[in-house]
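S.K.: what's the 3D shape of this:
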Amino acid sequence: MNFLAENSTDAAEKISFSCDDVPAHFMKDLLVAFNRNNKKDAKGASVDDLTTLCVSDLRRKLYEMGLDVDGSREAMIASIRNNS
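M.R.: Numbers count the residues shown, from 1 in each chain. Below is the predicted model:
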C-alpha cells in the first residue's frame with residue numbers, strides 16, 4: 001500500500017478501480033497508506049495515530065494489550081479505543 005501511495009500517479013493509470021476488479025478493502029487501505037505517507041510530510045499535523053497505522057501495527061498493538069487480533073481495520077481501532 002505504501003508503494004502505491006508513493007507512486008499514486010502510475011497506480012492511477014495502470015490499476016483498474018472498478019468494483020469487479022478490486023477487493024472492497026483495497027481503496028480504504030490505499031487511502032490509509034496515502035494518509036500515512038502525507039502525515040510524514042506534514043510536520044505538526046494533528047491526525048489520529050490509530051487511523052494511520054498499518055494493519056500489522058494495529059494487530060501488534062492489540063496483541064500487546066491481550067486483545068483479539070482478528071477483524072477489520074475499523075473493528076481493531078474500535079477495540080483499541082474501547083480498551084485504552
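
S.K.: Okay, strands next: where are they in this structure?
M.R.: Listed in chain order, the chain contains no strands at all (DSSP state E).

S.K.: Could I get the full set of helices for it?
M.R.: Ranges of helices in the chain, per DSSP state H, are 2-6, 8-14, 24-41, 49-52, 55-64, 73-82.

S.K.: Can you list the low-confidence ranges for this structure?
M.R.: 1, 4-5, 8-22, 24, 35, 37-48 (pLDDT under 70).

S.K.: mind putting the helices of the chain in a markdown table, mean neighbour count included?
M.R.: (Glycine included, C-beta is placed from N, CA and C.) Formatted as a markdown table, these follow (neighbours: other Cβ atoms under 10 Å):
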| stretch | mean neighbour count |
| --- | --- |
| helix 2-6 | 14 |
| helix 8-14 | 10 |
| helix 24-41 | 14 |
| helix 49-52 | 14 |
| helix 55-64 | 15 |
| helix 73-82 | 14 |
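
S.K.: mind listing what the residue lying closest to Ile77 once chain neighbours are set aside touches?
M.R.: In this structure, Ile77 finds its nearest non-sequential neighbour in Leu50, 4.9 Å apart by Cβ to Cβ, 6 or more residues apart in numbering. Contact partners of Leu50, counting by Cβ atoms under 8 Å, 6 or more residues apart in numbering, are 58, 77, 80-81.

S.K.: now with 10 Å?
M.R.: Neighbouring residues of Leu50 by Cβ atoms under 10 Å, 6 or more residues apart in numbering: 57-58, 61, 73, 76-78, 80-81, 84.

S.K.: okay if I get those as JSON lines plus distance to Glu6?
M.R.: Formatted as JSON lines, the contacts of Leu50 follow (distance: Cβ to Cβ, whole Å):
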{"residue": "Asp57", "distance to Glu6": "18"}
{"residue": "Leu58", "distance to Glu6": "21"}
{"residue": "Lys61", "distance to Glu6": "24"}
{"residue": "Arg73", "distance to Glu6": "20"}
{"residue": "Met76", "distance to Glu6": "24"}
{"residue": "Ile77", "distance to Glu6": "24"}
{"residue": "Ala78", "distance to Glu6": "29"}
{"residue": "Ile80", "distance to Glu6": "27"}
{"residue": "Arg81", "distance to Glu6": "29"}
{"residue": "Ser84", "distance to Glu6": "31"}
